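Chemist: Build me a model from this:
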Amino acid sequence: MNDSILSNPKAPRVKRVAALARKRERQSAGRFLVEGPQAVREVLAHHPEIVDAVYATIDNAPWQLELDRLADAAEVPVERVTDAVLSAMAETVNPQGVLAVARTNAVPLAEALVGARLVAILHEVRDPGNAGTVLRAADAAGADAVVFSGESIDPFHPKVVRSTTGSLFHLPVAVTDSLESAAAGARAAGLTVLAADVRGTELLEARAEGALAGPAAWVFGNEARGLDEGARALADRSLKLPIYGAAESLNLAAAASVLLYETAFAQRAGD
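Modeler: Prediction:
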C-alpha cells in the first residue's frame, strides 16, 4: 500500500483514470473503471490479474480491510486518495469510496462458448442498466457466457459494470460485430439458438416439448424494437412469455431473467 495520499484532482494520472468513462479512451487504453466496494471486491477475488491499481479514500469503511487484504494477496497496489480526487476519477456523481482500474478482459467468441450449455446473447441492447441486469441474471441462472453483439453497449461502460454488481467478473463475456457471427458460433458449439420475441410460440409449449432441456443460446433484442425479421431468421426458434395479467409486456431484463431461469430449471431437471 502506498502511504502517500493523492490529493490533486487535476493531476495527469487522475485525468487519465477519469477519461476511462469514455468508450474511445477505454478502447485506446485497454482499461476500464470498476467502481464501488462490491465490484472492486469481486474483481480482486475472481480476476486480480487484470487489476492495475485500486484507489480508495481514508474513511475507515467496513469494506476497507477486506479489499486491502485481497489487494495485498494479489500484489495489487492500493493508493489512498482524497474525496475530491475520487470524485474527479469516478463516473458516478457520488462514488462509494473506492474504484479500481482494470484491463478489459473480453474473450474471443469461440473460447467463451466452449462447453457452454446456457448463453445469453444481447443484440442491439443499448441501455446500460438493462445490459448489466441481464448479465447479472445470466450469472445467477448459471449461464456459461454472455455475448454482446451488433451495436450493443460496451460491456465495460461504467454503468454496465456497476449494474452487474460484480457478475461481470464471474463468467466469460465476448463481443462480436454481428448477430450472424454470434448465432453461427453458438451452433458450432452445439447450442440451439432461441430468440425471445413476442411473435414467437408460447414458452409453455416449448417447455412441454422439452425444447429448453438442451444446450441453448438465448437472443435478447433492443429494448424498444426487439428483434427484426432478419435477426429472428437467424434463430432456430422464437419463443414468447405468456402475459396472464393486464401488463402490456415485461421489460427486457425481467423477461430475460425468466427465460434464463426457465432454461436452467429444464436443463437441471434433465441432468
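Chemist: right, and A183 touches A233 too?
Modeler: No. Using CB atoms under 8 Å, A183 is not in contact with A233, being 9.7 Å away. All C-beta spots, glycine's among them, are computed from the backbone N, C-alpha and C.
Chemist: more crowded one of these two?
Modeler: Ranked by neighbour count (other CB atoms under 10 Å), A183 and A233 place A183 first, with 25 against 11.
Chemist: how far away is that one from V119?
Modeler: Counting by CB to CB, to the nearest Å, the gap between A183 and V119 amounts to 11 Å.
Chemist: cool, and S167?
Modeler: With distances taken as CB to CB, S167 is found 14 Å from V119.
Chemist: which of these two has more neighbours?
Modeler: The residue with more neighbours, out of S167 and V119, is V119; 29 against 23, by other CB under 10 Å.
Chemist: What residues of the lengthiest strand in the chain count as buried?
Modeler: Scanning the chain for the longest strand, with DSSP state E as the assignment, gives strand 192-202. Neighbour counts over strand 192-202 (16 or more other CB atoms under 10 Å) mark T192, V193, L194, A195, A196, D197, G200 as buried.
Chemist: Kindly report the same for stretch 75-82.
Modeler: V76, V78, E79, R80, V81.
Chemist: Phi, psi for the last one please.
Modeler: Dihedral angles phi and psi of V81 (degrees, to the nearest 10) take the values phi -130, psi 160.
Chemist: Bridging across strands, which residues link to it?
Modeler: L6 (DSSP bridges).
Chemist: So that it lines up with my notes, have the first residue be 250 from now on.
Modeler: Okay, using 250 as the starting number, the last item reads as V330.
Chemist: in what helix or strand does V303 lie?
Modeler: strand 300-305 (DSSP states H and E).
Chemist: Heading C-terminal from that strand, find the next helix or strand.
Modeler: Next element after strand 300-305 (DSSP H and E): helix 313-322.
Chemist: Give me the below-cutoff pLDDT ranges for the stretch 300-449 of the chain.
Modeler: Within the stretch 300-449 of the chain, no stretch has pLDDT under 70.
Chemist: do that again at 90, thanks
Modeler: Across the stretch 300-449 of the chain, the stretches falling below the confidence threshold (pLDDT under 90) are 307-312, 342-344, 447.
Chemist: for the stretch 300-449 of the chain, what spans make up the strands?
Modeler: For the stretch 300-449 of the chain, applying DSSP state E, counting those that start in this stretch gives strands covering 300-305, 327-330, 347-352, 367-372, 394-398, 422-425, 441-451.
Chemist: Contacts made by the longest one with the rest, please.
Modeler: Strand 441-451 is contacted by residues 370, 432, 435-436, 460, 463-470, 475-476, 480-481, 483-491, 498, 504-505, 508, 512 when judged by CB atoms under 8 Å, 6 or more residues apart in numbering.
Chemist: swap in stretch 280-292?
Modeler: Stretch 280-292 is contacted from outside by 266, 269-270, 275, 299-301, 303, 310, 312, 315-316, 319, 338-341, 344-353, 405, 407, 410-411, 413-419, using CB under 8 Å, 6+ apart.
Chemist: any idea how far the nearest residue to P377 once chain neighbours are set aside is from A505?
Modeler: With CB to CB, 6 or more residues apart in numbering as the criterion, P377 has its nearest non-adjacent residue at 3.6 Å, and that residue is K408. Using CB to CB, K408 is found at 17 Å from A505.
Chemist: and if you look at N309?
Modeler: Separation of N309 from A505 (CB to CB) stands at 39 Å.
Chemist: is it true that L508 lies in a helix?
Modeler: Yes. Counting by DSSP: H, G, I helix; E, B strand; the rest coil, L508 falls inside a helix.
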